[in-house]
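1. Need a 3D model of the following:
(chains A and B)
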Amino acid sequence: MNVLDIRDLHVVYRTSAWGRRREVRAVAGVDLSLGVAETVGLVGASGAGKSTLAKAIVHLVRAERGRITVGGFDVTGFGRRAPLEFRKTAQLVFQRTSSSLNPAMTVGEIVAEPLRLHFRLNGRDASVRIAQLLDTVGLPATLAARRPHELSVGQRQRVAIARALATEPALIVLDEPVSALDARTRGQVAAMLEDLQRRSAAAYLLITHDIGLARHLCGRIAVMHRGRVVEEGPAALVCEQPRHPFTQLLVASLPDADPARQRAAREQRRRLATEVAPA
Amino acid sequence: MTAPFASPGWTRRVLHDRPARVAAAFLVVLGLVALFAPVLATHDPQSGQLDDALQEPSAEHWLGTDHLGRDEFSRLVYGARISLLAGVEVLGIALLIGIPVGLMAGYRRGWFDRIGMRVVEVVVSLPALVVAIAVVAATGPGLGPSMLAIGFVAATIMARLTRAVVLAAREEDYVDGARVSGARDRRIIVRHLLPNVASALVVQATLLFAAAVLAEAALSFLGLGAVPPQPSWGVMLNEARAQFEEAPLLAVWPGLCIFLTVLAFNQLGDRTADVFGRGGVAALDARPIDPAVPAADPAPVSGSPPALDLRRVSVTYGASEVVSDVSVSVAGGEIVGLVGESGAGKSTTALAALGLVPAPGRTRAGSIRVAGVELVGMAPGELRHVRGRRIGYVAQEPAAALNPAYTVGHQFAEPLRWHLGRSRRQARAEAGEWLERVGIAPERVGGYPHEFSGGELQRIALAMALACGPAVLVADEPTTALDAVVQAQVLDLVLDLRDESGTAILLISHDLGVVAGVADRVAVMRAGRIVEIQETVALFDRPQDPYTQQLLAVAGA
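-> The predicted structure follows:
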């Protein structure tokens, strides 16, 4: 059985200001599945609806139509409040570490929160587990007493990942987990994720605009464009023989540390940009 | 910069501020006086001998006596009690009603928010004193009912503020993060929202306390609050009115007490607010250039004099030096990339070039020249004419550069009118032309920032920075917040604009891939220092510094 099944999902944002109503269809008919312990990359430009899809999966936004099931839970059938058992099953790691960790709490308190809520772990038992979790993401246990603003961006993202791991979830959605990091830190966190995914039983949905990263970490890649999945397949195939023009543009936009290759890619981008309307 | 009231330890930071410390000390003393009034008072504040009326200050009566022979000092001491009690009552009501209502309205929204806020709007539009007078008209004079009325009005003010700060805090990802962790609403409100909005509420509470003290004095003065013989400062002021000819000092003492108390509360509130949102720009200090030390940066590629020339620039924050002795120059039409990891001092170097290092940082520089003009030692007013006109700046977050309340065209026109003296119509026409040049339909010039995508906003920010024809453009991570496709488009645009205008560009990025594609030369920065500076192709082929080699190895992986 799949850990995640999405069928014909639509998510619509409605705003009204001064009586003027507007609708934005952020997700417009997405189908996607994740098997047990599988890692899939969801790649697309900003505004493609990737983050909305992530929020819908963990029940932070409601679907307009369609169905999401996560580990046997019918997410689209939940009311305002999702059951605690579901919160244990699915976790989300946010992109912005400056915002995703409560600045008024210590690292220890942040990681302790799910432990207290799901396993009723307190005091010594909790601190032992916190130290374990921090160790899993490559951080020293002494960091537990610090507050988020005292940490580097990379360390903060590791703390966020430790918090997600704390509930021992079956599915972890990573929303641009490394795009706010500099190249070196990005490499380190990516290596940690790779290691994590090999050791843990969780399935990972990696959301990113960096198709190179997705290729590196994922077996399968789905490309999202304007609220839809426009291409899906084995990572190597999607990167080397992209079929959809938007996927081709993504591949041609990869930053490259070779000045000569970059100038060639510039020409290709100009050609493709006329084929694909910008998102 | 993170949210001003988010960081903990703020009480310590507030008390670090001298005026705030003085005000706080005064209020602590006042509180103690009120608490120990029976011990401190030398006489009964409510009774006296008529024979002793209107005495001058003496050893027996330190501040003299009033028209009924009561001891002025003792009455002032007990008056502190009444003032502070009034404040506590008002604040208590404001906090107990205002904060829960504001939290519920801001967090849950829906019908509670809609109805609650309409009620609040109605109450806020009524002057508090008038409401109090109306209540007193119904109940008869007395401190209790009048302060109840003031407290109710204060509660609506508190509710509105609480709702506003909660609405802002609710957008933070940690609230969603807590929900994903399994936290229920109550826990999210108490553990996650309240601590992060507390400091804003503290500021408001302090100011409300001052308003309550003032309202008590005013109502008592009018005979609607505390009534004689109660020793309220307002009552004393009113009674002193009749004796003003014979004993003017009797009006001075309660007046001074009211004045100092309100001043102390307001001062504490204002300084606290200042500490949370402290800003300002540090001065650019000159430092002598030692001719014996050669410049680290060799001459730029072309023979022309550099458009931007930084010589021996250092920036310190307290004891730590975040930029150490950096020298770099950019020729006209040249793009120099400044790369390094986060925390290497790249952005601070950029701000130093603009003379915009935020206080309490300190910039010391041998020389900062923009198009031949020396910025070091320049007056802040003159610097304003250089920024925007001779040197443009693009930041990482395009949204940060644009004010959401004004149209793009309006914001475009502002620098054109200010620096180049264009007319309103001319400036608007030029704005449209610029939009077209960066690939946005010129009709959208009347649009507001939220109507544009992130990539479009960054292209607009770029156009705005170049609109006044600056000799130098400083671009700090201009594409980091953008996705790969849009990043490539913006970088292509940077190259096109450079080719057209011959602007010198200092491009800051942590991404070697970005720099490799567009820069002519690359400077590698680490821990505040430039460790290597070379032509791009040479740097990628033959990196000299071991740190550069490491960076390249990571980027190539």
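
2. so after the one helix or strand B:A427 maps to, what's the next helix or strand?
-> Counting by DSSP states H and E, the element that carries B:A427 is helix B:424-437. Counting by DSSP H and E, the next helix or strand C-terminal to helix B:424-437 is helix B:454-466.

3. quick one, that following helix and helix B:424-437 angle?
-> Between helix B:454-466 and helix B:424-437, the angle comes out at 130 degrees (axes from the mean of the first three to the mean of the last three CA atoms, to 10 degrees).

4. Could you list which residues are in contact with residue 174?
-> Just going to use chain A. By CB atoms under 8 Å, 6 or more residues apart in numbering or on different chains, the contact set of A:L174 is A:93, A:161, A:193, A:204-207. Where you see a C-beta, it was placed from the backbone N, CA and C, and this is true even at glycine.

5. ah, no, chain B please
-> Going by CB under 8 Å, 6+ apart, B:Y174 touches A:99-103, B:192.

6. which residue packs closest to A:A202, ignoring adjacent ones?
-> Excluding the flanking residues, the one nearest A:A202 by CB to CB, 6 or more residues apart in numbering or on different chains is A:I172, at 5.2 Å.

7. and the helix or strand hosting the one you found, how far out from the chain's middle?
-> Per DSSP H and E, A:I172 falls inside strand A:171-175. Taking the mean of its C-alpha atoms, strand A:171-175 sits 4 Å from the chain's own mean (CA atoms, centre = their mean, to the nearest Å).

8. Let's test this: mean pLDDT of it, rounded?
-> For strand A:171-175, the mean per-residue pLDDT is 96.

9. Put the alpha carbons of that strand into PDB.
-> Below are the C-alpha coordinates for strand A:171-175, written out as PDB (Å, rounded to 0.1, in the frame of the first residue of the first chain):
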ATOM      1  CA  LEU A 171       5.900  10.500   5.500                       C
ATOM      2  CA  ILE A 172       8.100  13.600   5.600                       C
ATOM      3  CA  VAL A 173       7.300  16.400   3.200                       C
ATOM      4  CA  LEU A 174      10.400  18.600   2.700                       C
ATOM      5  CA  ASP A 175       9.500  22.000   1.200                       C
END
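
10. and it, which strands flank it?
-> Its sheet considered, strand A:171-175 pairs with strand A:90-93 (parallel), strand A:203-208 (parallel) by DSSP bridges.

11. Tell me which helix or strand comes right after that strand.
-> Next along the chain after strand A:171-175, taking DSSP H and E as the criterion, comes helix A:183-199.

12. pLDDT (mean, whole number) over that following helix?
-> Taken as a whole, helix A:183-199 has a mean pLDDT of 87.

13. tell me the SS of the closest residue in space to A:D258 that isn't next to it in sequence?
-> Nearest residue to A:D258 in three dimensions, chain neighbours excluded: B:A516, at 6.7 Å (CB to CB, 6+ apart). Judged by DSSP: H, G, I helix; E, B strand; the rest coil, the three-state class of B:A516 is helix.

14. for the contacts of A:L174, which one is nearest chain B?
-> Closest to chain B out of the contacts of A:L174 is A:V93 (8.9 Å), distances taken as CB to the nearest CB.

15. Compute the number of surrounding residues for the closest one.
-> A:V93: 27 surrounding residues under other CB atoms under 10 Å in any protein chain shown.

16. For it, list the residues it contacts.
-> A:100, A:157, A:160-161, A:164, A:172-175, A:177.

17. hmm, back to that, just say which of the strands paired with strand A:171-175 is most tucked in.
-> Highest mean neighbour count among those (mean count of other CB atoms under 10 Å in any protein chain shown): strand A:90-93, with a mean of 28.

18. Rounded mean pLDDT for the following helix or strand past that one, please.
-> Toward the C-terminus, strand A:90-93 is succeeded by helix A:97-100 as the next helix or strand (DSSP H and E). Here helix A:97-100 scores 84 as its mean pLDDT.

19. so how far is the helix or strand that helix A:97-100 is followed by off the chain centroid?
-> Sequence-wise, the next helix or strand downstream of helix A:97-100 (DSSP H and E) is helix A:107-119. Centroid separation for helix A:107-119 versus its chain: 21 Å, with CA atoms, centre = their mean.

20. Helix or strand with the lowest mean pLDDT in chain A?
-> In chain A, no helix or strand scores lower on mean pLDDT, DSSP states H and E than helix A:259-275, which sits at a mean of 75.
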